[in-house]
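K.L.:
sequence-free structure coming up:
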């Protein structure tokens, strides 16, 4: 209530020579207020949820069990926040279909807008101070918040299978829900080919990516894994690195296996280890895939391109 009151006062005090109200990702609770203010002042409302609260909190992270009050609350909040706006953005077609089927969001108001990457933060090119391939060295990089959909346990298991190769090292950057279990596994198995590093500021991630030989996407076993293509995939590809990620319906909307990305079955450490080993033994193939990937995302998924698509959608809604 306090937040709603503050936002309402700020809105009433500001100049209103605009035509749309934009509600950013994760702010499902702000949509009803935006809708009311929009109707009172003649503005259209656009919402970019990025994810479903119900899918994230209940089905992926397990913060609440199915059938509980919290599950009902999050599902209802999704239904309302995805139903009220004039325009609802989804990062993939798979996500758009999920919103439509699960929450009855009107297909007419759904538009697919990939997350893309920020070219100012991820400019591409090598960092000579952190080469991922010094001699026989081969650095495999994961970064993220250790969500279940990331499947970091799959990455750690793949690293265990590759421990005999002295040249292959893993850097896992981040902290989050599944980190304690991964840390225990690394300690128990004495995996000295894995370095567990803390979170880094977004501004410094480009250096870590530039110093890697291959970057990893997501490999989880939850349904949400198949509906998203996370920022890290676009960011790593923009830096010219070959990316390995789970073979899902969502990622195939944008990229092609073995041409500009490397796909393996999700939740399959054996397949991941095999693909990493293949790129380790075939460096030129990895470089070619990395170059093709960089060309693809820079031509189609830069912030400027994404902004252009967003404005087109807004013009459609405004008529």
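P.N.:
Arrived safely. Everything numeric here is computed off the predicted structure, so don't read it as measured data. Numbers count the residues shown, from 1 in each chain.
K.L.:
what ranges do the helices span in the stretch 51-200 of the chain?
P.N.:
53-54, 69-83, 93-103, 152-161, 179-188 (DSSP state H, counting those that start in this stretch).
K.L.:
taking helix 179-188 as reference, get the angle to the fourth one.
P.N.:
Between the axes of helix 152-161 and helix 179-188, defined by axes from the mean of the first three to the mean of the last three CA atoms, to 10 degrees, the angle is 10 degrees.
K.L.:
by contact count, what packs against helix 152-161?
P.N.:
Applying 3 or more CB pairs under 8 Å, 6 or more residues apart in numbering; DSSP states H and E, one finds that helix 152-161 contacts strand 138-143, strand 168-173, helix 179-188, helix 269-281. (Glycine included, C-beta is placed from N, CA and C.)
K.L.:
just these: most buried one?
P.N.:
Most buried of the helices and strands packed on helix 152-161, by mean neighbour count (mean count of other CB atoms under 10 Å): strand 138-143, with a mean of 24.
K.L.:
quick one: strands adjacent to it?
P.N.:
If you go by DSSP bridges, strand 138-143 pairs up with strand 168-173 (parallel), strand 214-216 (parallel).
K.L.:
check the offset of stretch 137-155 from the chain's centre.
P.N.:
Put simply, stretch 137-155 sits 13 Å off its chain's centre (CA atoms, centre = their mean, to the nearest Å).
K.L.:
quick revisit: so which of the strands paired with strand 138-143 is nearest residue 55?
P.N.:
strand 214-216 (22.3 Å; CB to CB).
K.L.:
now the closest one: average pLDDT?
P.N.:
Taken as a whole, strand 214-216 has an average pLDDT of 98.
K.L.:
residues near residue 24, how many?
P.N.:
11 (other CB atoms under 10 Å).
K.L.:
how far away is it from residue 45?
P.N.:
Applying CB to CB, to the nearest Å, the value for residue 24 to residue 45 is 12 Å.
K.L.:
mutual contacts of these two, please.
P.N.:
When CB atoms under 8 Å, 6 or more residues apart in numbering defines a contact, no residue borders residue 24 and residue 45 alike.
K.L.:
what's near enough to touch residue 249?
P.N.:
Residue 249 sits next to 94, 226, 227 when contact means CB under 8 Å, 6+ apart.
K.L.:
pretty sure the second one contacts residue 252?
P.N.:
No. Under the contact definition of CB atoms under 8 Å, residue 226 does not touch residue 252, with a separation of 10.2 Å.
K.L.:
show me which of the two is the more surrounded one.
P.N.:
Between residue 226 and residue 252, counting by other CB under 10 Å, residue 226 is the more crowded of the two (21 against 15).
K.L.:
which SS class is the nearest residue to that one once chain neighbours are set aside?
P.N.:
Distances taken as CB to CB, 6 or more residues apart in numbering place residue 248 nearest to residue 226, at 4.2 Å, with adjacent residues excluded. Secondary structure, DSSP: H, G, I helix; E, B strand; the rest coil: residue 248 is coil.
K.L.:
ok, residue 64 - contacts?
P.N.:
With the criterion set at CB under 8 Å, 6+ apart, residue 64 makes contact with 57, 58, 70, 71, 74.
K.L.:
on that earlier part again, redo the strands paired with strand 138-143 as JSON lines? Include distance to residue 124.
P.N.:
As requested, those are exported to JSON lines (distance: least, CB to CB, whole Å):
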{"stretch": "strand 168-173", "distance to residue 124": "19"}
{"stretch": "strand 214-216", "distance to residue 124": "13"}
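K.L.:
mind listing what the residue nearest to residue 226 touches?
P.N.:
Neighbours of residue 248 in contact, by CB under 8 Å, 6+ apart: 94, 225, 226, 227, 266.
K.L.:
now the residues you listed in CSV, with pLDDT?
P.N.:
Below are those laid out as CSV (pLDDT from 0 to 100):
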residue, pLDDT
94, 97
225, 95
226, 96
227, 96
266, 96
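K.L.:
okay, those residues in TSV with secondary structure and distance to residue 19 next?
P.N.:
What follows is the contacts of residue 248, written out as TSV (DSSP: H, G, I helix; E, B strand; the rest coil; distance: CB to CB, whole Å):
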residue	secondary structure	distance to residue 19
94	helix	30
225	helix	37
226	helix	36
227	helix	31
266	coil	42
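K.L.:
so which of the strands paired with strand 138-143 is nearest residue 111?
P.N.:
Within these, the stretch nearest residue 111 is strand 214-216; the backing value is 28.5 Å (CB to CB).
K.L.:
may I see the buried residues of the closest one?
P.N.:
By neighbour count on 16 or more other CB atoms under 10 Å, the buried set for strand 214-216 is 214, 215, 216.
K.L.:
then stretch 94-107?
P.N.:
By 16+ other CB under 10 Å, the buried positions in stretch 94-107 come out as 94, 95, 96, 97, 98, 99, 100, 103, 105.
K.L.:
which one among those gets closest to residue 164?
P.N.:
For the buried residues of stretch 94-107, the residue nearest residue 164 by CB to CB is residue 94; the value is 37.5 Å.
K.L.:
distance of that closest one from residue 223?
P.N.:
For residue 94, the distance to residue 223 (CB to CB) stands at 10 Å.
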